[in-house]
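Visitor: predicted structure and sequence below. I'll ask about it afterward.
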Amino acid sequence: MKRFMNIEPSPALRAFLTLLPFIIALFAYSIASEARLAENPHDKLLPSFTQIADAVDRYAFTENKRTGEYLFWQDTGASLYRIGLGITISALIGLFIGLCNGLLPTLRAGLSPFITIISLIPPMAILPILFITFGLDELAKVMLIIIGTAPVIIRDMQSQVMQLPQEQLIKAQTLGASTWQVAIRVILPQIMPRLLASVRLTLGAAWLFLIAAEAIAAQEGLGYRIFLVRRYMSMDVIFPYVIWITTLAFAMDFSLRKISEVCFPWYHQGAK
């Protein structure tokens, strides 16, 4: 008798099971929305799909009369610029410091405890300090993402370097490799896929920090727009924005995974 834990779904069944929770959620929302609107046509908590579609049309496909901009795409561009810059800088910092910490015991002894303490500071707690120090422009928002994600990536990279087989490092040194050559030719190729995986794991936190920063001090951005319309209970605007943020985060995660699979196929051998 084949055990349930050993049964692999077919591609068609896998696709159906993937879509099923979304279908159930949409069906449940539709019923709840119709029930609330039937009781109160002016209810804003659960707008109908028609109301949501109208809001999307207003924000994404209709020019703003005051600025001439399409607010939805303007907000998207601003948020993507901030999170893209913040995550890229965090990845570079995490790779460099994490590699050095993992490879150099002297540097690790002095820097690793400091990085650990920094990583334990709640980034949201120092948000007012960032705004006071860097102002209300883009730098403070990007710095919040960096402070919130870079220490985590550094610790992950350091751990990955220290887990590499010592035999590899010893053999490279026996063949005459310098510390720099060991770092570039032996360690770096092996930790690059893990860097992409680490960035993927920090994407959720990065979006959280971005939305929080935009909600407090911004003139455009997805988080700014959500907190701007919440005072009017405009759920027909908030829902599409939340779904769009989730879609963007998923697209970024999916892209990083595909890049890793294409560039480092050996890292994903055996993974399903």
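Guide: That came through, no problem.
Visitor: can you give me the helices in the stretch 101-250 of the chain?
Guide: 105-120, 127-134, 138-163, 166-174, 179-181, 188-216, 222-229, 235-263 (DSSP state H, counting those that start in this stretch).
Visitor: pull out the buried positions in the first one.
Guide: I take that to be helix 105-120. 108, 111-112, 115, 119 (16 or more other Cβ atoms under 10 Å). Glycine gets a C-beta too; all of them are placed from N, C-alpha and C.
Visitor: list just the nearest of those to E69.
Guide: Using Cβ to Cβ, S119 comes nearest to E69 of the buried residues of helix 105-120, at 38.4 Å.
Visitor: residues contacting the closest one?
Guide: Residues near S119 by Cβ atoms under 8 Å, 6 or more residues apart in numbering: 151-152, 154-155.
Visitor: now the residues you listed in JSON lines, with pLDDT?
Guide: Formatted as JSON lines, those follow (pLDDT from 0 to 100):
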{"residue": "P151", "pLDDT": "95"}
{"residue": "V152", "pLDDT": "94"}
{"residue": "I154", "pLDDT": "96"}
{"residue": "R155", "pLDDT": "94"}
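Visitor: nearest to L99, of those?
Guide: Taking the contacts of S119 together and measuring to L99 by Cβ to Cβ, the closest member is I154, at 9.4 Å.
Visitor: does that closest one touch I115 like I think?
Guide: Yes: I154 is in contact with I115 according to Cβ atoms under 8 Å; the separation is 5.3 Å.
Visitor: list residues touching both of the two?
Guide: 97, 101.
Visitor: closest one to A15 among the helices of the stretch 101-250 of the chain?
Guide: Taking these one by one with Cβ to Cβ, helix 235-263 is closest: 15.9 Å.
Visitor: could you say what helices and strands the closest one packs with?
Guide: Other helices and strands packing on helix 235-263, by 3 or more Cβ pairs under 8 Å, 6 or more residues apart in numbering; DSSP states H and E, are helix 49-60, helix 71-103, helix 188-216, helix 222-229.
Visitor: what is the mean pLDDT for it?
Guide: Across helix 235-263, the average pLDDT comes to 95.
Visitor: how far does that helix sit from the chain's center?
Guide: Chain-centre distance of helix 235-263: 8 Å, with Cα atoms, centre = their mean, to the nearest Å.
Visitor: from here on, call the first residue 25.
Guide: With the count now opening at 25, the last piece we talked about shows up as helix 259-287.
Visitor: how close does P45 get to I178?
Guide: Distance of P45 to I178, computed by Cβ to Cβ, to the nearest Å: 36 Å.
Visitor: higher neighbour count, those two?
Guide: I178 (28 against 9; other Cβ atoms under 10 Å).
Visitor: now do the same contact list for the more buried one.
Guide: 117-118, 121-122, 125, 139, 143.
Visitor: and if we set it to 10 Å?
Guide: I178 makes contact with 114, 117-126, 135-136, 139-140, 142-143, 222, according to Cβ atoms under 10 Å, 6 or more residues apart in numbering.
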